[in-house]
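*Asks:* 3D, please:
(chains A and B)
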Amino acid sequence: MPLNKIKKTLIDYSIAVLILLVLWETASLWLNKTYLPGPYLSFLTFVHELGRNLGSHLLVSTGRVVISLVTALVPAVLLGMILGRVEKYDRIAAPLIYLTYPVPKIIFLPLVITLMGLGNLSKIFLIWIIVFFQILVTARDAARQVNKSMVDSVLSLGAGEMQIYRHVIFPSCLPKILTALRISLGTAIAVLFFSETVANLGGYGGIGYYVMEAWARLEWNVMFAGIIAMGVMGFVLYIFLDWLEKKICPWEFL
Amino acid sequence: MLKIEDLEVTYQSKNSFLALCGVSFILEKGHTCAIIGPSGCGKSTLLYVLAGLLEHTGGQVLISGETVRPKRRETALILQDYGLLPWKTALENTSLGLEIRGVSRQEKRALVEEAMKELGIWEFRDNYPAQLSGGQRQRVAIARSLTLKPDLFLMDEPFSSLDALTREGLQNTLLEFWQKRRSTMVLVTHNIEEAVFLGQRILIFSGSPGRILHVIENGEMGEQDYRNKQLFYQRCSRVREIIERGV
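*Replies:* Prediction:
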């Protein structure tokens, strides 16, 4: 990105942040209750808490999200591309996907916790299964839509099936996969929060646990520090995916 | 070079559809042949069969004495659109055929540079297809097939989405190449002037099922300034007449 464009983007974001802060401050002053502290106190607590244990909670939560996203992405993309390209496999898989895709996976939370315990595994698995389905369906639909003439033209150059995937199907699906990943990131964080509040072993239980603990102690500014941490985590991951798309799909941004 | 006898192609979908029937012709090595006819007359189907991308259901297709098969290395196929991959630069697109064949980096680079320079697109090597004009894109497609040193060129309406002047420019380029290399060339087109300009033999197809309606020998093709000669116009009118009469 050219320098003046970065500058412009920064200014745009600063204005947006300012608007949000003003709204928050206004609401806080108007309500005048301890349970809605203003942004100044909240951010001060956030910085202070980051040095104590909020930093570790934040790392735990981020780790869970990132591990789920990465481990779901790889098999979902591979399987999705194959299903989209080979009709006979899709005929078997399609009914299964259609029946299971609309079921909100969070409903399995009690079962997952019973099976996998209160630690990392249950939380990672819950996010994993949500992201996996989302990417699987996206990759499959994208692979189905790949232009047939494009495949023919590469076939006529002597390409084998693996090379068709590598040169045609995968790059053709990539932008759609990254978009789906960005969308499922929101769901992933929401599910993470929920599972961290419901199931934990104490210690560094993640941001969800941290927020609930602060709430129970009626430490409102600490609770808001946790909310800020979750927001920052979502924002940074979102920006990262945005950057990644521009980096690895340059032809989409001509 | 090409020997096609009683070719028949039936598409097996919901209701089977006879696309080509009783097509026979011979094309000698180093000669060119233009195929023209109404839409849906199976001319693209024929080309796909020759490229080994579609199986025929009857008759015989021989290329250099061998039965047609997929992935014949010396066959190059150029399509109207979608021949280039949007996620690869002009350079990467031109290299694709050599990359798939596992040619070494140095040799690849040399062949690609030579082909791209020959077609006047070397300076656009870092552009993506979306940043190229229609004519430049087809030049990349031609450069890519040149790198593979083919002896049989198959082209499916390669210039039909281009404006008239660009199209004539590319037709001239193609003619020069053919005169230099004498590859065998099969060109499917719906443009009468293009067929007469580039086909030593012109096969006129009729539709449903596709079959050869008429064969016009056009041995004067490639003569100096052919496009502006009286004979060229006469041939064009004759082709037009036969297509319109449809018998």
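*Asks:* report the central residue of chain B.
*Replies:* Closest to where the C-alpha atoms of chain B average out (CA atoms, centre = their mean) is B:Met155, at 1.5 Å.
*Asks:* part of a strand, is it?
*Replies:* Yes - using DSSP: H, G, I helix; E, B strand; the rest coil, the assignment for B:Met155 is a strand.
*Asks:* which residues does it contact?
*Replies:* Shown in contact with B:Met155 (CB atoms under 8 Å, 6 or more residues apart in numbering or on different chains): B:Leu47, B:Leu77, B:Ile78, B:Met185, B:Val186, B:Leu187, B:Val188. To be clear about C-beta, it is placed using only N, CA and C from the backbone, and glycine gets the same treatment.
*Asks:* what about the second one, distance to chain A?
*Replies:* B:Leu77 sits 4 Å away from chain A when distances are taken as CB to the nearest CB, to the nearest Å.
*Asks:* which SS state does that residue fall under?
*Replies:* strand.
*Asks:* how about the closest residue to it other than its chain neighbours, what does it touch?
*Replies:* What sits nearest to B:Leu77 in space, not counting adjacent residues and going by CB to CB, 6 or more residues apart in numbering or on different chains, is A:Ser156, at 3.8 Å. Applying CB under 8 Å, 6+ apart to A:Ser156 gives the contacts B:Ala51, B:Gly52, B:Leu53, B:Thr75, B:Ala76, B:Leu77.
*Asks:* tell me what the last one is bridged to.
*Replies:* Just to be clear, that refers to B:Leu77. The partner list for B:Leu77 in beta bridges (DSSP bridges) reads B:Leu154.
*Asks:* residues near it, how many?
*Replies:* 26 (other CB atoms under 10 Å in any protein chain shown).
*Asks:* thinking again about what came up before, closest to chain A out of the contacts of B:Met155?
*Replies:* Of all the contacts of B:Met155, chain A sits closest to B:Leu77, with 3.8 Å by CB to the nearest CB.
*Asks:* these two touch, right, the closest one and B:Gly52?
*Replies:* No - the pair B:Leu77 / B:Gly52 is not scored as a contact, 9.2 Å apart, by CB atoms under 8 Å.
*Asks:* enumerate the residues of chain B near chain A.
*Replies:* For chain B, the residues in contact with chain A (CB under 8 Å from any CB of the partner chain) are B:48, B:51-53, B:70-71, B:73, B:75-77, B:79, B:81-83, B:85-88, B:96-97, B:100-101, B:128, B:130-131, B:144, B:148.
*Asks:* if we go to 7 Å?
*Replies:* Contacts of chain B with chain A, taken as CB under 7 Å from any CB of the partner chain, map to B:51, B:53, B:71, B:73, B:77, B:79, B:81-83, B:85-87, B:96-97, B:100-101, B:128, B:130-131.
*Asks:* put the alpha carbons of whichever strand or helix holds B:Arg144 into CSV.
*Replies:* According to DSSP states H and E, B:Arg144 maps onto helix B:134-147. Extracted in CSV, the C-alpha atoms of helix B:134-147 (Å, rounded to 0.1, in the frame of the first residue of the first chain):
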residue,chain,number,x,y,z
GLY,B,134,-8.3,-8.8,-25.2
GLY,B,135,-5.7,-8.9,-28.0
GLN,B,136,-2.8,-9.1,-25.5
ARG,B,137,-4.5,-12.0,-23.6
GLN,B,138,-4.8,-14.0,-26.8
ARG,B,139,-1.2,-13.2,-27.6
VAL,B,140,-0.3,-14.7,-24.2
ALA,B,141,-2.4,-17.8,-25.0
ILE,B,142,-0.6,-18.2,-28.4
ALA,B,143,2.8,-17.6,-26.7
ARG,B,144,2.0,-20.3,-24.2
SER,B,145,1.3,-22.9,-27.0
LEU,B,146,4.4,-21.8,-28.9
THR,B,147,6.6,-22.7,-25.9
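*Asks:* good, we can wrap up now.
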